[in-house]
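S.K.: one predicted model, sequence on top.
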Amino acid sequence: MEKSIKKHDLKKLHAGILDVLSDGIYVTDAKGKTLAVNRTYEQLTGLKREEIMGKLVTDLRNQGNFDVVLNPEIVSSGQKKSLVQVTKEGRRVILNGCPVFDEAGKVALVVTFVRDITLLSQLQDQISNQQEVIDKYREVQKRDKLKQQNGPVVFESQEIVQLMNVLDKVAKTDATVLMLGETGVGKDVFSRLLHQRSLRQDEPFFKVDCSAIPESLIESELFGYESGAFSGANAKGKPGLFEMADKGTLFLDEIGELPLLMQSKLLRALQDQELIRVGSTKVRKFDVRFIAATNKNLEEEVKNGRFRSDLFYRLKVAVLQIPPLRERQGDILPLASFFFEKYNIKYRKEVNFTKKFCDALQNYKWPGNVREMDNFIQSLIVTRDKEILDVSDLPHYMLRDAIDMDRSSLSDANKSLDELMRDYEKNLLKNALEINGSVAKVAKLFKVDRTTIFRKAKKYSLL
Ligand SMILES: Nc1ncnc2c1ncn2[C@@H]1O[C@H](COP(=O)(O)OP(=O)(O)OP(=O)(O)O)[C@@H](O)[C@H]1O
């Protein structure tokens with residue numbers, strides 16, 4: 001520096017030096033009066049130099065420009081101090097204040113270094129959010145694993161016998177399979193069976209429920225990730241389910257729930273049997289047989305733009321449509337007997353059922369299919385002590401289905417409406433009396449008084 005630099009030039013130079021620093025700088029005297037701030041400070045806090053110069057930090061705090069100050073404590077203690085301050089624009093900054101002493105050893109100035117930690121705090125929040133999501137997903141996975149013990153597959157109906165013929169043929173090929181059917185029909189059960197009957201039976205079978213993985217984790221769960229790919233990730237990186245199922249079968253349940261972006265990535269992976277882990281550029285080969293399942297109408301989903309048509313056609317190579325339980329009557333009793341036996345053993349009971357009870361199960365529509373029956377029989381066995389269950393042990397909604405008559409008799413073209421109505425009423429009452437066994441119960445079921453049922457039953461000679 002040249003000797004001839006004048007005092008006011010030196011002041012300007014100091015200001016210039018402060019402005020090139022990447023930390024914010026805030027200088028006050030011992031009373032807390034603002035003497036200087038630099039450009040970075042203005043940028044970090046949004047406070048302008050001219051608004052604060054000459055003002056006391058405590059006044060600025062009281063006016064709401066920031067929430068805390070550290071100068072008074074530094075002046076009284078003569079010690080350095082740090083704290084986090086939130087500015088009026090909501091930015092979080094960390095303050096490191098240092099005392100500057102005069103010749104007498106008293107604090108003459110407080111110089112505070114100001115750094116923005118808003119981003120850091122946001123990242124920290126994100127990491128803990130991600131961690132929560134990861135923990136939750138792991139829990140779901142653990143629960144799912146517990147459910148994955150293979151039990152016997154029960155069926156006797158012609159519909160399933162035919163389906164099994166196709167399943168056996170398809171199993172031996174390596175074709176991608178699409179399992180369709182309402183919720184609870186057994187898509188999971190038949191997918192495992194298909195794997196067991198395939199050439200990959202000694203290799204792993206993995207199931208992934210596409211609706212249970214948070215959207216932000218789907219890609220890394222399926223394709224894996226490289227070290228440091230995202231906050232909360234394992235430091236060493238991790239293979240995804242495609243790599244873990246290598247040589248085996250991967251069952252993609254609820255495929256209709258896969259976000260569109262993942263659908264295109266899945267399509268590419270299916271076609272090329274190649275993947276790139278999240279955060280990597282390396283292409284990895286894998287060898288997996290895919291089974292996809294859904295209870296959605298994928299054609300409708302394609303029409304509505306929620307499912308990619310190219311993926312749909314790629315998955316449609318071999319389709320196994322599992323009929324709902326009400327359309328395979330031959331399976332109802334074998335399944336009911338199977339669940340009675342299973343839960344009698346599990347809960348050490350000997351609960352049995354009557355023929356009428358069976359008939360009612362047979363006539364019920366089972367909207368939740370095999371899962372509904374499984375849960376229903378389990379709860380009956382858990383909650384009842386009676387050894388033989390009869391229709392009276394069934395809930396009303398099941399009895400209503402059970403007494404519904406065969407509608408084919410209603411299509412008799414030679415009958416008038418009055419005659420048809422009479423037939424319908426007669427049949428309904430006949431079934432209801434048979435199943436419920438008493439006028440009082442039927443009256444309760446149809447929400448009328450006993451005399452009405454009695455009168456009608458006499459009219460139709462049902463008593
Ligand atoms: N044929 C069967 N024999 C024995 N148990 C069965 C049979 N079919 C289904 N189940 C049982 O019924 C329940 C539902 O079956 P599963 O999970 O395979 O249905 P899903 O069609 O995959 O249902 P979702 O569409 O809701 O995923 C399971 O507990 C399963 O063990």
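M.R.: All right, it came through fine. Residues are numbered from 1 along each chain as shown.

S.K.: quick one, strands of the stretch 151-300 of the chain?
M.R.: Assigned by DSSP state E, counting those that start in this stretch, the strands in the stretch 151-300 of the chain fall at 177-180, 205-209, 224-225, 238-239, 249-253, 274-276, 283-285, 289-294.

S.K.: so which of those comes closest to K355?
M.R.: Distance to K355, taken as Cβ to Cβ, is lowest for strand 177-180 among those, at 34.4 Å. Every residue, glycine included, has its C-beta placed from N, CA and C.

S.K.: least reliable of the strands of the stretch 151-300 of the chain going by mean pLDDT?
M.R.: For the strands of the stretch 151-300 of the chain, mean pLDDT drops lowest on strand 238-239, to a mean of 82.

S.K.: that one - which strands sit beside it in the sheet, and in what orientation?
M.R.: Partner strands and pairing direction for strand 238-239 (DSSP bridges) are strand 224-225 (antiparallel).

S.K.: identify the residues contacting the partner strand?
M.R.: Residues from elsewhere that reach strand 224-225 (Cβ atoms under 8 Å, 6 or more residues apart in numbering): 233-234, 237-240, 242-243, 275, 277-280.

S.K.: now the residues you listed: which count as buried?
M.R.: Buried members of the contacts of strand 224-225, counted by 16 or more other Cβ atoms under 10 Å: A233, G237, K238, P239, G240, F242, E243, L275, R277, V278, S280.

S.K.: turn those into a markdown table, including distance to K426.
M.R.: As requested, these are exported to a markdown table (distance: Cβ to Cβ, whole Å):
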| residue | distance to K426 |
| --- | --- |
| A233 | 70 |
| G237 | 72 |
| K238 | 68 |
| P239 | 67 |
| G240 | 63 |
| F242 | 62 |
| E243 | 66 |
| L275 | 65 |
| R277 | 69 |
| V278 | 67 |
| S280 | 73 |
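
S.K.: TSV for the strands of the stretch 151-300 of the chain, including distance to the ligand?
M.R.: Output for those, formatted as TSV (distance: least, Cβ to the nearest ligand atom, whole Å):
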stretch	distance to the ligand
strand 177-180	8
strand 205-209	8
strand 224-225	25
strand 238-239	25
strand 249-253	6
strand 274-276	25
strand 283-285	30
strand 289-294	6
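
S.K.: same list (the ones you listed) but as JSON lines, adding distance to F155.
M.R.: Listed next are the strands of the stretch 151-300 of the chain as JSON lines, based on distance: least, Cβ to Cβ, whole Å:
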{"stretch": "strand 177-180", "distance to F155": "15"}
{"stretch": "strand 205-209", "distance to F155": "20"}
{"stretch": "strand 224-225", "distance to F155": "37"}
{"stretch": "strand 238-239", "distance to F155": "36"}
{"stretch": "strand 249-253", "distance to F155": "19"}
{"stretch": "strand 274-276", "distance to F155": "36"}
{"stretch": "strand 283-285", "distance to F155": "38"}
{"stretch": "strand 289-294", "distance to F155": "18"}
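
S.K.: so which one among the buried ones among the contacts of strand 224-225 has the lowest pLDDT?
M.R.: A233 (53).

S.K.: what sits against the residue in the stretch 201-350 of the chain that the ligand sits nearest to?
M.R.: Closest approach between the stretch 201-350 of the chain and the ligand, counting by Cβ to the nearest ligand atom: N295, at 4.5 Å. Taking Cβ under 8 Å, 6+ apart, we find N295 in contact with L180, G181, E182, T183, K187, E254, G256.

S.K.: same check on D310?
M.R.: L267.

S.K.: in what helix or strand does it lie?
M.R.: Element membership of D310 [criterion: DSSP states H and E] is helix 309-315.

S.K.: show me what the helix or strand where K356 lies is packed up against.
M.R.: Assigned by DSSP H and E, K356 belongs to helix 355-363. Helix 355-363 sits against helix 332-346, helix 396-403, helix 417-436, with contacts defined as 3 or more Cβ pairs under 8 Å, 6 or more residues apart in numbering; DSSP states H and E.

S.K.: spell out which parts of the stretch 351-463 of the chain neighbour the ligand.
M.R.: Within reach of the ligand by Cβ under 6 Å from any ligand atom, the stretch 351-463 of the chain has these residues: V370, R371, D374.

S.K.: export the helix or strand harbouring the first one to PDB, keeping only CA atoms.
M.R.: This points to V370. Taking DSSP H and E as the criterion, V370 maps to helix 369-383. Only the C-alpha atoms of helix 369-383 are listed here, as PDB (Å, rounded to 0.1, in the frame of the first residue of the first chain):
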ATOM      1  CA  ASN A 369     -63.300 -62.600  -2.500                       C
ATOM      2  CA  VAL A 370     -61.000 -65.200  -0.800                       C
ATOM      3  CA  ARG A 371     -59.500 -62.600   1.500                       C
ATOM      4  CA  GLU A 372     -62.900 -61.700   2.800                       C
ATOM      5  CA  MET A 373     -63.800 -65.300   3.400                       C
ATOM      6  CA  ASP A 374     -60.400 -65.900   5.100                       C
ATOM      7  CA  ASN A 375     -60.900 -63.000   7.500                       C
ATOM      8  CA  PHE A 376     -64.600 -63.700   8.100                       C
ATOM      9  CA  ILE A 377     -64.000 -67.300   9.100                       C
ATOM     10  CA  GLN A 378     -61.000 -66.400  11.200                       C
ATOM     11  CA  SER A 379     -63.100 -63.800  13.100                       C
ATOM     12  CA  LEU A 380     -66.000 -66.300  13.500                       C
ATOM     13  CA  ILE A 381     -63.700 -68.900  15.100                       C
ATOM     14  CA  VAL A 382     -62.000 -66.400  17.300                       C
ATOM     15  CA  THR A 383     -65.200 -64.800  18.600                       C
END
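
S.K.: need the residues that contact it.
M.R.: Contacts for helix 369-383 (Cβ under 8 Å, 6+ apart): 181-186, 324-325, 332, 335-336, 339-340, 343-344, 347, 349, 351, 361, 366, 368, 389, 393.
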